[in-house]
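K.L.:
The amino acid sequence is not available; the structure is as follows:
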């Protein structure tokens, strides 16, 4: 996503930073709610790593061009993609259509979200961020908060979730 901008638009950088603040907050919150999960360490790391990487972008936007940031992000994307493929195959094999009703579906969605966000962040510090990247980031940033709010308000949607999924917050 190496957009080339003819003119500088500082408000795009501000929106990009705000999106990273909110995604950092979301990933940190997603990591926290895993505390009751039987395999909490795995999922806390799965959301904690993107939270830290987003925090790094907020503090220093050009960090995405450093080798350590890229290596950690690439490793996380690779692991998330592999686990997403396995979970996706399980969901397909079991013919699950309402993926948010099954824990595997929620895990799959979270991993896809983390991988996609880190790919979107990749090389964002190289040049001024463009309208396409910022628009995509804004749409992606809004989605998890709206989905979480929707499921929090509609308690009947959470009625058959395991107890560890309903007691964290």
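P.N.:
Done, it's in. What you see is a predicted model; the values in this text were computed from it and never measured.

K.L.:
which stretches of the protein form helices?
P.N.:
Listed in chain order, the helices of the chain (DSSP state H) span 10-32, 40-59, 67-93, 103-121, 131-153, 163-166.

K.L.:
and the ones you listed, which one is worst for confidence?
P.N.:
The minimum mean pLDDT among these belongs to helix 163-166 (a mean of 58).

K.L.:
related to what we said a few turns ago, ranking the helices of the chain by mean neighbour count, which comes first?
P.N.:
Scoring the helices of the chain by mean neighbour count under mean count of other CB atoms under 10 Å gives helix 103-121 as the most buried, with a mean of 20. No exception for glycine: its C-beta is placed from N, CA and C like everyone else's.

K.L.:
Quick check: which helices or strands does it pack against?
P.N.:
helix 10-32, helix 40-59, helix 67-93, helix 131-153 (3 or more CB pairs under 8 Å, 6 or more residues apart in numbering; DSSP states H and E).

K.L.:
Arrange those helices in CSV, one row each, with distance to residue 110 as further columns.
P.N.:
Listed next are those as CSV, based on distance: least, CB to CB, whole Å:
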stretch, distance to residue 110
helix 10-32, 6
helix 40-59, 7
helix 67-93, 9
helix 131-153, 9
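
K.L.:
I'd say residue 40 and residue 34 touch.
P.N.:
Yes. The pair formed by residue 40 and residue 34 meets the contact definition of CB atoms under 8 Å, at 5.0 Å.

K.L.:
From residue 121, how far out is the closest residue to residue 57 other than its chain neighbours?
P.N.:
Leaving aside its chain neighbours, residue 57 sits nearest to residue 20 (4.7 Å; criterion: CB to CB, 6 or more residues apart in numbering). To residue 121, residue 20 is 7 Å away according to CB to CB, to the nearest Å.

K.L.:
Could you do residue 35 as well?
P.N.:
26 Å.

K.L.:
ok, now residue 80?
P.N.:
Distance, residue 80 to residue 121, by CB to CB: 13 Å.

K.L.:
Same check on residue 42?
P.N.:
Between residue 42 and residue 121 the distance, using CB to CB, works out to 22 Å.

K.L.:
Next: residue 17.
P.N.:
From residue 17 to residue 121 the distance is 12 Å (CB to CB).

K.L.:
Quick check: neighbours shared by the two?
P.N.:
Counting by CB atoms under 8 Å, 6 or more residues apart in numbering, the shared contacts of residue 17 and residue 121 are residue 57.

K.L.:
Could you find the closest non-adjacent residue to the most centrally placed residue in the chain?
P.N.:
For the chain, residue 114 is the residue whose C-alpha lies nearest the centre (CA atoms, centre = their mean; 3.2 Å). Among residues not flanking residue 114 along the chain, residue 50 sits closest, at 4.6 Å (CB to CB, 6+ apart).
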